[in-house]
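Participant: Quick one: sequence plus predicted model below, questions after.
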Amino acid sequence: MITKTDQSLSDVFDVTPVGQQVAVQATPPAVIEKPVNIEPVDKDLMDDFQIARTMIQGLLVRGADAMENAILIANGTEDPKSFEAVTNLIGKLTDASEKLVGLHEKKNKSATKVAAQPEMPQGGNINMTGPVFVGSTSELAKMINDSRKNNQGDS
């Protein structure tokens, strides 16, 4: 590919451009495997992070390929708008990289929160508004009887 500068110089000096480049074949876009079964409604937190991570990684790979091609085009045309487009693409890829790192930080924070929470029994939503007794029915009956005896002795 002959740049505008090389073409202008070769026209002025009436010579064949020295800096002729061999045509560069664009690399084929990277193949990104799509997740087979994505069930967004019932996914647990870690699966959602993995899906987001895979998507951001795929965007980074494709963006890197696009950036290489955009740089080739910008160098060939020497158009300021092409260089501006390359600069914008670099900024977007940097943002995506930062999001990928931030995703890992959020995953670690969420994993810490999940590990710190007590295990809840399965079987639906539980709404507790008062004190809760944990034990057998005989222990509960004994506590109630003891409480009644104490209340009767106070009066």
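Facilitator: Good, I have the coordinates.
Participant: can I get the CA coordinates of the least confident helix or strand in the chain by mean pLDDT in CSV?
Facilitator: In the chain, no helix or strand scores lower on mean pLDDT, DSSP states H and E than helix 4-13, which sits at a mean of 76. Written as CSV, here are the backbone C-alpha positions of helix 4-13 (Å, rounded to 0.1, in the frame of the first residue of the first chain):
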residue,chain,number,x,y,z
LYS,A,4,-0.1,9.7,0.2
THR,A,5,3.3,11.0,1.1
ASP,A,6,5.2,8.4,-0.8
GLN,A,7,2.9,9.0,-3.8
SER,A,8,3.4,12.7,-3.7
LEU,A,9,7.2,12.4,-3.4
SER,A,10,7.3,9.9,-6.3
ASP,A,11,5.3,12.3,-8.4
VAL,A,12,7.5,15.3,-7.6
PHE,A,13,10.7,13.4,-8.3
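Participant: ok, and for it, which residues are buried?
Facilitator: For helix 4-13, the neighbour count (16 or more other CB atoms under 10 Å) marks 6, 10 as buried. Where you see a C-beta, it was placed from the backbone N, CA and C, and this is true even at glycine.
Participant: Check which residues of the next helix or strand after it are buried.
Facilitator: For helix 4-13, the following helix or strand on the C-terminal side (DSSP states H and E) is helix 45-77. Using 16+ other CB under 10 Å as the test for burial, helix 45-77 gives 49, 56, 59-60, 63, 66-67, 70-72, 74.
Participant: out of these, who's nearest V132?
Facilitator: Checking the buried residues of helix 45-77 against V132 with CB to CB, the nearest one is F49 at 32.8 Å.
Participant: Now do the closest one against E98, distance only.
Facilitator: In this view, F49 and E98 are 16 Å apart by CB to CB, to the nearest Å.
Participant: With D146 instead?
Facilitator: Per CB to CB, D146 is found 61 Å from E98.
Participant: That's all I had, so thanks and see you.
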